[in-house]
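> Got a predicted model here, sequence first, then my questions.
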Amino acid sequence: MTFVNRIFPILLLIGLFSSCTTNTEVDLIVFNAKIYTVDSTFTTAEAFAVKNGIFIDIGTSEVILKRYKAKGTIDAKGHPIYPGFYDAHAHFFMFAELLDQADLTGATSVGEVIEKLKIYHLSHPKKKWIIGSGWDQNLWPDNLFPTKDSLDKYFPDIPIYLSRIDHHAAWINSKALEIAGLDSGKTVEGGLIMLDSLGHPSGILMDNATSLVFKHIPDATDINLLTSLRRVQDSLFSVGLTSIVDAGLNPDQLEILTKFYSQDSLKIRNYAMILANPYDIENYIRQGIYDSDRLSIKSVKLITDGALGSRGAYLLEHYHNHPSKGFLLQSPTEFDEIIQLLANSPFQVNTHTIGDSTDLLILDAYSRHLKDGKNRRWRIEHAQVIAPDDFKKFSKFHIIPSIQPTHATSDMYRTEEHVDTERIKGTYPYKQLLRQYGLVVLGSDFPMKHFNPLYGYHAAVARVDKTGFPGGGFQMENALTREEALRGMTIWAAFSCFQEQKRGSIEKGKDADFVILEDDIMSAPDNQLRDIKTLRTVIAGETVFLRQ
């Protein structure tokens with residue numbers, strides 16, 4: 001036997017031994033899990049490895065544990081794992097501002113609102129304004145809008161500003177009216193100052209009129225804002241959210257967020273939309289898009305109409321229970337000019353449209369100015385009432401439907417009060433929209449609704465409220481499958497923000513954002529979906545929430 005023949009078996013044995021004992025070092029291995037990768041074929045896996053905040057391998061527990069050695073490991077103990085949840089339409093900054101305000105959510109009468117305000121005032125005696133939100137006249141016995149008189153009786157000397165639950169109307173007292181200098185002679189384009197029987201302001205402001213008082217409210221300090229933003233962030237982490245769309249911020253708010261993110265003071269990934277007005281848009285176009293690992297500013301949000309609950313959404317026909325069609329917040333010409341300006345810029349356009357008349361207006365404006373729609377990924381936010389002839393425009397012009405499923409299950413009780421039996425077929429039409437475009441993106445619209453993404457998931461697939469009403473579901477022909485709903489709050493949401501190559505699924509090379517739940521939302525009974533708890537939330541391989 002030659003020397004080469006004698007030495008080769010020895011070298012082979014050494015090589016085999018080395019391959020079995022020398023593993024690639026990574027930062028984290030997660031194993032013994034049921035992993036929904038939400039890739040193109042919706043495959044499942046058991047384990048993955050993470051290095052430098054990126055998924056580098058996905059497979060079976062046996063293979064991953066043999067192939068790598070890790071600084072840290074997580075035994076998922078059979079629990080399900082999903083890509084980090086993505087809320088495609090939310091109001092992060094607004095939620096933070098509301099934390100220090102009077103919470104009027106769920107109040108069933110004017111009297112209950114007053115009692116809540118008394119308690120708030122006693123606990124915040126140094127506040128120069130009483131600010132609150134969450135009231136909804138539809139929960140009250142008479143369903144009527146309140147007046148300033150109810151507030152004046154108990155709070156004559158301190159200004160009060162109370163946002164309706166949809167933030168498209170405000171209830172104020174006489175002191176706030178006095179500070180703002182509002183009287184019966186003032187008219188507002190795209191808004192309304194409601195008047196009493198004597199022709200004086202009643203205390204209710206709608207849409208654009210709310211800014212006449214809101215601008216007089218003192219701003220919070222940066223340190224208080226950061227504290228509040230972090231409190232909100234922790235709440236979002238606790239329900240598995242790793243990415244959000246902050247749907248409409250003014251330049252001051254964007255400047256504050258940019259500063260906080262540049263200082264690494266916030267961790268949640270934020271796709272922030274610029275709240276549209278022509279001057280700000282022109283400035284941002286000159287500056288160009290802003291895109292960092294955690295904060296992106298590359299889209300603009302237009303608000304075209306109000307909400308159904310306050311009868312501000314702009315309809316093609318009169319409200320079923322009221323002799324009005326709602327109204328636009330700006331003229332059609334102004335919207336058209338803004339859209340044309342943005343069409344010639346790198347910015348994405350996302351438009352709040354709730355009424356079917358508004359959808360018609362904006363879809364047609366998109367069609368006139370949008371070139372290469374497939375790559376521009378412009379969005380319609382809410383799309384709550386769609387006329388039959390307008391569905392095909394989502395497909396034709398490549399418009400992404402951005403929907404909030406809990407709106408359907410909270411509004412369904414009164415939808416017939418707003419639109420007639422025939423038009424109701426085009427309300428909250430999620431499946432019809434999905435068939436047109438091929439995907440829908442899911443959001444919560446928090447803080448108007450709860451921030452837990454599983455509430456929206458439940459509403460999308462079961463089309464019932466938290467009590468299981470109505471039996472059999474609301475217009476079940478528009479329910480989503482569980483896979484569709486999960487894609488809508490992960491990979492499709494990422495796609496709508498141009499981030500599908502970085503996040504939204506558990507695949508090699510993507511950000512290691514994931515969530516571990518206590519039970520599997522793909523198989524748990526409908527009536528248990530809302531109660532499933534988040535066990536761990538991870539962003540870029542770093543645990544940001546761990547249930548104790």
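That came through, no problem.
> neighbours around residue 170, how many?
Residue 170 has 25 neighbouring residues, counting by other Cβ atoms under 10 Å. Bear in mind the C-beta positions are built from the backbone N, C-alpha and C, glycine included.
> Give the residue spans of the stretch 151-300 of the chain that score low on pLDDT.
184-185, 278 (pLDDT under 70).
> now the helices for it?
174-180, 211-214, 222-237, 251-262, 278-287 (DSSP state H, counting those that start in this stretch).
> Tabulate the ones you listed (CSV), appending mean neighbour count and distance to residue 319.
Shown next, in CSV, are these (neighbours: other Cβ atoms under 10 Å; distance: least, Cβ to Cβ, whole Å):
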stretch, mean neighbour count, distance to residue 319
helix 174-180, 19, 27
helix 211-214, 18, 24
helix 222-237, 18, 34
helix 251-262, 16, 33
helix 278-287, 13, 31
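> Quick one: the ones you listed as JSON lines, columns for distance to residue 401 too.
Listed next are the helices of the stretch 151-300 of the chain as JSON lines, based on distance: least, Cβ to Cβ, whole Å:
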{"stretch": "helix 174-180", "distance to residue 401": "37"}
{"stretch": "helix 211-214", "distance to residue 401": "29"}
{"stretch": "helix 222-237", "distance to residue 401": "23"}
{"stretch": "helix 251-262", "distance to residue 401": "26"}
{"stretch": "helix 278-287", "distance to residue 401": "23"}
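> Any idea which of these gets closest to residue 56?
Evaluated over the helices of the stretch 151-300 of the chain, closeness to residue 56 peaks at helix 222-237, with 23.7 Å, by Cβ to Cβ.
> Next, the angle from the closest one to helix 251-262.
Angle, helix 222-237 to helix 251-262, by axes from the mean of the first three to the mean of the last three Cα atoms, to 10 degrees: 70 degrees.
> Against which helices or strands is helix 222-237 packed?
helix 92-98, helix 251-262, strand 542-546 (3 or more Cβ pairs under 8 Å, 6 or more residues apart in numbering; DSSP states H and E).
> wait, which of these is closest to residue 161?
Nearest of the helices and strands packed on helix 222-237 (Cβ to Cβ): helix 92-98, 11.9 Å.
> Tell me the helix or strand right after the closest one.
strand 102-103 (DSSP states H and E).
> Show me which positions of the next helix or strand after that following strand end up buried.
Later in the chain than strand 102-103, the nearest helix or strand by DSSP H and E is helix 110-123. Across helix 110-123, burial judged by 16 or more other Cβ atoms under 10 Å covers 110, 113-114, 116-117, 120-121.
> So the protein: which segments form each domain?
If you go by automatic domain parsing, the domain ranges for the chain are 86-91+220-546, 101-214.
> Let me have those domains in JSON lines, adding distance to residue 77 as columns.
JSON lines is the format used below for these (distance: least, Cβ to Cβ, whole Å):
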{"stretch": "domain 86-91+220-546", "distance to residue 77": "9"}
{"stretch": "domain 101-214", "distance to residue 77": "37"}
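> among the ones you listed, which is the most enclosed?
Comparing the domains of the chain by mean neighbour count (mean count of other Cβ atoms under 10 Å), domain 86-91+220-546 ranks first with a mean of 20.
> Residue 447 is nearest to which of the helices of the stretch 151-300 of the chain?
In terms of Cβ to Cβ, the element of the helices of the stretch 151-300 of the chain nearest to residue 447 is helix 222-237, at 8.6 Å.
> mind listing the helices for the stretch 351-500 of the chain?
356-369, 373-376, 391-396, 405-411, 415-418, 430-437, 453-462, 482-488, 491-496.
> so where is this protein shaky, pLDDT-wise?
By pLDDT under 70, the weakly predicted segments of the chain are 1-22, 184-185, 278.
> hmm, back to that, do you know which of the helices and strands packed on helix 222-237 lies nearest residue 472?
Comparing the helices and strands packed on helix 222-237 under Cβ to Cβ, the one sitting nearest is helix 92-98, at 33.6 Å.
> got the CA coordinates for the closest one in PDB?
Once non-C-alpha atoms are left out, helix 92-98 reads as follows in PDB (Å, rounded to 0.1, in the frame of the first residue of the first chain):
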ATOM      1  CA  PHE A  92     -48.700  55.200  17.300                       C
ATOM      2  CA  PHE A  93     -48.000  58.800  18.000                       C
ATOM      3  CA  MET A  94     -51.700  59.600  18.600                       C
ATOM      4  CA  PHE A  95     -52.000  56.700  21.000                       C
ATOM      5  CA  ALA A  96     -49.000  58.000  23.000                       C
ATOM      6  CA  GLU A  97     -50.700  61.400  23.300                       C
ATOM      7  CA  LEU A  98     -53.900  59.900  24.500                       C
END
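> still on that earlier bit, next, format the buried residues of helix 110-123 as TSV and append distance to residue 321.
Listed next are the buried residues of helix 110-123 as TSV, based on distance: Cβ to Cβ, whole Å:
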residue	distance to residue 321
110	21
113	23
114	27
116	28
117	29
120	33
121	35
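> Can you tell me which of these is nearest residue 416?
residue 110 (25.4 Å).
> Next, the contact list for that closest one, please.
140, 146, 150 (Cβ atoms under 8 Å, 6 or more residues apart in numbering).
> Inside helices: which ones of these?
Assigned to helices by DSSP state H, the following of these qualify: residue 150.
> of the contacts of residue 110, closest to residue 72?
residue 140 (53.2 Å).
> mind pulling up the phi and psi values for that closest one?
When read as degrees, to the nearest 10, the backbone of residue 140 gives phi -90, psi 160.
> For it, which non-adjacent residue is spatially closest?
residue 109 (5.4 Å; Cβ to Cβ, 6 or more residues apart in numbering).
> Which one of the helices and strands packed on helix 222-237 lies nearest to residue 135?
Closest among the helices and strands packed on helix 222-237, using Cβ to Cβ: helix 92-98, at 12.9 Å.
> State the distance from the residue nearest to residue 140 to residue 309.
Distance of residue 109 to residue 309, computed by Cβ to Cβ, to the nearest Å: 17 Å.
> Residue 344 too?
Taken as Cβ to Cβ, the span from residue 344 to residue 309 is 36 Å.
> doesn't residue 142 make contact with the residue nearest to residue 140?
No - the pair residue 109 / residue 142 is not scored as a contact, 9.2 Å apart, by Cβ atoms under 8 Å.
> circling back to that earlier point, need the contacts of residue 110 in JSON lines with distance to residue 360, can you?
Below are the contacts of residue 110 laid out as JSON lines (distance: Cβ to Cβ, whole Å):
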{"residue": "140", "distance to residue 360": "33"}
{"residue": "146", "distance to residue 360": "33"}
{"residue": "150", "distance to residue 360": "38"}
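> which among the contacts of residue 110 gets closest to residue 167?
Closest to residue 167, out of all of the contacts of residue 110 and judged by Cβ to Cβ, is residue 146, at 16.2 Å.
> Contacts only, for that closest one.
Counting by Cβ under 8 Å, 6+ apart, residue 146 makes contact with 110, 113, 135, 137, 171, 203-204.
> Repeat that for residue 443.
87-90, 245, 247, 402-404, 456, 493.
> Narrow those to those in strands?
87-90, 245, 247, 402-403 (DSSP state E).
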